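Undergrad: Let me see the structure of the following:
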Amino acid sequence: MPDFLDVSILLAVLTSIISIYAWSHPELYDRWIMSPYLVRKRGEWYRFLSSGFLHADVGHLLFNMIAFYSFSQLVQMIFGAYFGELMGAGLFVLLYFTGIIVSDIPSYLKHRTDYDYRSLGASGGVASVMFSAILFNPLGSIRIMFLPIDIPSFIFGILYLIYSYYQGRRMGDNVNHDAHLYGALYGILFTLVAIPKSALIFWSQISDKYL
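TA: This next block holds a predicted model:
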């Protein structure tokens, strides 16, 4: 058992239950999915958050929840150490939920007059947690799928940002890469504001290793 309040399990279970339920209940799916047009037309602002509890299929759900849980442990532990168990858990939940919301703002602004545009998934929140963890542990090993090598997490983060930016400009694969990009940037900003020392933690590890 971890020595901190692990709320990531509760969030992952809740998200999984809602996603699975929505697959067989299209009325909930339609009511909760992110639709910038309906947000603007009807004032359904709750969709910024509710869409984070929906996923397209089993693969989408598993990928997001496994990535979320993998990176959340370190972030929860450090938040708990700095702010106390309850406040640290609260800040972690705030990071995740606001990451989902903030990462959808660029998509809303871009597609608010597009009736056909829809997006869903917790990717923005997951990216926020992921990049918060990278700030604390930039030299952690990450294995890219299908490649038999591990790379430092900060290198993965750089590649992730470049890929998300490039794919977001292309808009050719029906994935909301903008949510990945802005969720990641928001996670960095949130962590720097919450724990300014995280910048020194990041830099000291990088400089000790490479400089």
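
Undergrad: Which residue ranges of this structure form helices?
TA: Secondary structure of the chain (DSSP state H): helices at 8-23, 26-32, 36-42, 47-50, 58-83, 85-111, 123-136, 153-170, 177-194, 198-210.

Undergrad: and the ones you listed, which is most packed in?
TA: helix 123-136 (a mean of 28; mean count of other CB atoms under 10 Å). Any C-beta I mention is one placed from the backbone N, CA and C, and that applies to glycine too.

Undergrad: and the angle from that one to helix 58-83?
TA: 40 degrees (axes from the mean of the first three to the mean of the last three CA atoms, to 10 degrees).

Undergrad: about what we covered before: of all the helices of the chain, which lies closest to residue 144?
TA: With CB to CB as the criterion, residue 144 lies closest to helix 153-170 of the helices of the chain, at 7.1 Å.

Undergrad: Mind listing residues that contact that closest one?
TA: If you take CB atoms under 8 Å, 6 or more residues apart in numbering as the criterion, helix 153-170 is touched by 127, 130-131, 133-134, 137-142, 144, 173, 175, 177-178, 180-181, 184-185, 202, 206.

Undergrad: Just want the angle from that helix to helix 198-210.
TA: 110 degrees.

Undergrad: Can you show me the CA trace of helix 153-170 as CSV?
TA: These are the backbone C-alpha positions of helix 153-170, laid out as CSV (Å, rounded to 0.1, in the frame of the first residue of the first chain):
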residue,chain,number,x,y,z
SER,A,153,11.3,10.9,-19.4
PHE,A,154,12.3,14.4,-20.3
ILE,A,155,13.3,13.3,-23.8
PHE,A,156,10.0,11.5,-24.1
GLY,A,157,8.3,14.7,-23.0
ILE,A,158,10.0,16.8,-25.7
LEU,A,159,9.1,14.3,-28.4
TYR,A,160,5.5,14.1,-27.1
LEU,A,161,5.2,17.9,-27.3
ILE,A,162,6.7,18.1,-30.8
TYR,A,163,4.5,15.2,-32.1
SER,A,164,1.3,16.7,-30.5
TYR,A,165,2.0,20.1,-32.0
TYR,A,166,2.7,18.6,-35.5
GLN,A,167,-0.3,16.3,-35.5
GLY,A,168,-2.5,19.1,-34.1
ARG,A,169,-1.7,21.2,-37.1
ARG,A,170,-2.3,18.3,-39.6
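
Undergrad: Please state the offset of it from the chain centre?
TA: Mean-position distance between helix 153-170 and its chain equals 14 Å (CA atoms, centre = their mean, to the nearest Å).

Undergrad: Alright, that wraps it up for me.
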